[in-house]
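only geometry, no sequence info:
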């Protein structure tokens, strides 16, 4: 369980309540949670998914790809009947896996990817 609270008194109270019900271990500040990297300082928490993004790029054989801003046409849609004719079952499974990775990335912290992924899925 990851607890994010900026009030030490509330934190200590919650921790005491949890100890009465569960065996807990305080592991101090988190560095990583569910493949999300956490960088904390006194004023902020920065979340990143650098390693997961690198893994996806490797999976797509795009580890040397350059980042580009690309706008997405909101009139485009994916015709499942057309794609069913183009892809065999193995390719469909691969495509589904790729989109699942992008959905996981999108849902965690990359909301700017959400529109394009929703079209692809």
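All right, it came through fine. Just so it is clear, the model here is predicted, and its values are computed rather than measured.

separation between the residue nearest to residue 31 when sequence neighbours are not counted and residue 78?
Once its chain neighbours are removed from consideration, residue 31 has its nearest residue in residue 38; the separation is 5.9 Å (C-beta to C-beta, 6 or more residues apart in numbering). Yep, even glycine has a C-beta here, placed from its N, CA and C like the rest. Using C-beta to C-beta, to the nearest Å, one obtains 35 Å as the distance from residue 38 to residue 78.

and if you look at residue 44?
Using C-beta to C-beta, we find residue 44 at a distance of 38 Å from residue 78.

Residue 53 now?
Residue 53 sits 23 Å away from residue 78, going by C-beta to C-beta.

Pick out whichever of these two has more residues nearby.
Counting neighbours by other C-beta atoms under 10 Å for residue 53 and for residue 78 shows that residue 53 has the greater number, 14 against 9.

Contact partners for the more buried one?
Residue 53 makes contact with residue 105, according to C-beta atoms under 8 Å, 6 or more residues apart in numbering.

you'd agree it is in a strand?
No. Secondary structure of residue 53 (DSSP: H, G, I helix; E, B strand; the rest coil): helix, not part of a strand.

Could you give me the buried positions within the helix ranked longest in the chain?
Of all segments of type helix in the chain, defined using DSSP state H, the longest is helix 89-108. Across helix 89-108, burial judged by 16 or more other C-beta atoms under 10 Å covers 101-106.

what's the distance between that helix and the middle of its chain?
What separates the centre of helix 89-108 from the centre of its chain is 12 Å, taken as C-alpha atoms, centre = their mean, to the nearest Å.

tell me the average confidence for stretch 38-48?
Mean pLDDT, taken over the full extent of stretch 38-48, equals 80.

returning to that earlier point: may I have the strands that pair with the helix or strand harbouring the residue nearest to residue 31, each with its orientation?
When elements are assigned from DSSP states H and E, residue 38 belongs to strand 36-40. According to DSSP bridges, strand 36-40 forms sheet pairs with strand 32-33 (antiparallel), strand 45-48 (antiparallel).
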